[in-house]
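Student: My questions are about this predicted structure, shown below with the sequence.
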Amino acid sequence: MKRALLILGVVAGPLAAQQPQPQPQPFFVGNPLGLPITPAADRAFEPMSTEVKVYGAIYSAESCSYDAERGVIVVPNRGVPQNVQTNNAWVSFINHDGSVHTARWIGVQAPADRPNLTPPLVLNEPFGSDIAGGMLYVADRDGGTTAGEPSVAVIRRFNLQTGAPAGEVRVDRVALFNDIAVANDGTVFATQTGDRGENPDPATWQVWKIAPDGRASLFVQGAPLRQPNGVALDQHGNIVVVNVGSTDVLTFSPAGQLLKTENAAQAGSDGLVIMPDGTKYVSSVLNGGVSRIRPGQPAELIARNIPNAASMCYDAGANQLVIPMNPNNGLAFVKIVGR
């Protein structure tokens, strides 16, 4: 019996070596809902019939952005954590009414197939996202697959027309960026929420600046930050940051000088949307409310009790806030009334 097994192993080895290896494929993105799910070689496609409505396609989403050209909400789905499977995330397109436009746009391929694309796709566990200059930016990370492997923050860019990867910047000194805001020239401002323990280290509360050439530097560190989370740019190009650990809404100049402090109606802030007239909307991931802060006025709650209200975006096509609900695997929609 042992001899037979040995002979079988000797024969199986060369046969296994002769198996065809995966070949590189052109990069492609997923179709809208219909068939086929992935693009056919002859480009044949039949959309789903109009009497069918689909809601969902969202899994552990932390942020969203609005694509004005397509008129859709762009939602990065984190998928499973890094220590379960790498390169598992994807990006969905959602219509104004919450129905699904494209279930999987970027990331329609299985994780094992993504390295064979041209260019290869890596999308591990995206948190914050933003759209600027025809690019979708996401705050992703590498590593962290085991307790002993460090996590490294990565800003990844994708061409908003084709979905193809368009470059990345690794910031080795940071394990994870939470939210990002991107200026028209491609400068990225990114928050590191940092320590939330009983005796937190304020030095871990940080906002980073990543220049278009990839140079990363600390923009603000420590107080008045207190577990910074959401970040956005106002109509003057200032950088506005909201804290998880306080109600503070902090406006910094491009040089990092604190210009103004406002307050949301609840602490635990995560999402931040700033309108052209300076009105700010802030969502609380801990307390579930959405604050409206009109210039020079105190905050007012316009929505309450949204579970895990994360980093929201503004859907200009429907004049509404769209709020990912993290582990609840859905999106909340809040119409803006009386702005």
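Tutor: Sure thing, it's come through.
Student: ok, Met275 - how many residues close by?
Tutor: Met275 sits with 17 neighbouring residues when counted by other Cβ atoms under 10 Å. Every residue, glycine included, has its C-beta placed from N, CA and C.
Student: Could you tell me the phi and psi values at it?
Tutor: Per-residue torsions, Met275: phi -90, psi 160 (degrees, to the nearest 10).
Student: The one 5 residues further on too?
Tutor: When read as degrees, to the nearest 10, the backbone of Lys280 gives phi -110, psi 140.
Student: hey, what's it bridged with?
Tutor: Residues in a beta bridge with Lys280, per DSSP bridges, are Ile274, Ile293.
Student: Give me the neighbour count for it.
Tutor: Lys280 has 22 neighbouring residues, counting by other Cβ under 10 Å.
Student: I'd say Val220 and Ala203 touch.
Tutor: No: Val220 lies out of contact with Ala203 (Cβ atoms under 8 Å); the separation is 11.7 Å.
Student: In terms of neighbours, single out the busier of those two.
Tutor: Val220 (22 against 10).
Student: As a check, name the ranges of all helices in the stretch 201-339 of the chain.
Tutor: Ranges of helices in the stretch 201-339 of the chain, per DSSP state H, counting those that start in this stretch: none exist.
Student: So, low pLDDT: which residues of it?
Tutor: Low-confidence segments of the stretch 201-339 of the chain, defined by pLDDT under 70: 339.
Student: same thing but at 90, please
Tutor: For the stretch 201-339 of the chain, the stretches with pLDDT under 90 are 327, 337-339.
Student: Looking at Ala12 now. What's its pLDDT?
Tutor: If you check Ala12, the pLDDT there is 48.
Student: same thing with Gln19?
Tutor: For Gln19, the model assigns a pLDDT of 63.
Student: Surely Pro126 touches Trp90?
Tutor: No: using Cβ under 8 Å, Pro126 makes no contact with Trp90, being 9.3 Å away.
Student: higher neighbour count, those two?
Tutor: Per other Cβ under 10 Å, whichever of Pro126 and Trp90 has more neighbours is Pro126, with 30 against 23.
Student: show me what contacts that one?
Tutor: Residues in contact with Pro126, defined by Cβ atoms under 8 Å, 6 or more residues apart in numbering, are 62-63, 76, 78, 89, 138-140, 156.
Student: Restricted to strands, list these.
Tutor: Here DSSP state E is the test, and the contacts of Pro126 give 76, 138-140, 156 as lying in strands.
Student: Distance check, Gln23 against Pro120.
Tutor: 13 Å (Cβ to Cβ, to the nearest Å).
Student: Once you drop chain neighbours, what's closest to Ala211?
Tutor: Excluding the flanking residues, the one nearest Ala211 by Cβ to Cβ, 6 or more residues apart in numbering is Thr187, at 5.9 Å.
Student: One more: Pro228?
Tutor: The shortest distance from Pro228 to any non-neighbouring residue, by Cβ to Cβ, 6+ apart, is to Thr191 (4.4 Å).
Student: so that neighbour, which of the three states?
Tutor: Three-state call for Thr191 (DSSP: H, G, I helix; E, B strand; the rest coil): strand.
Student: start the count at 14, not 1, going forward
Tutor: Yes, from this point I'll number from 14; that puts the last item at Thr204.
Student: Since that was my last question, I'll sign off now.
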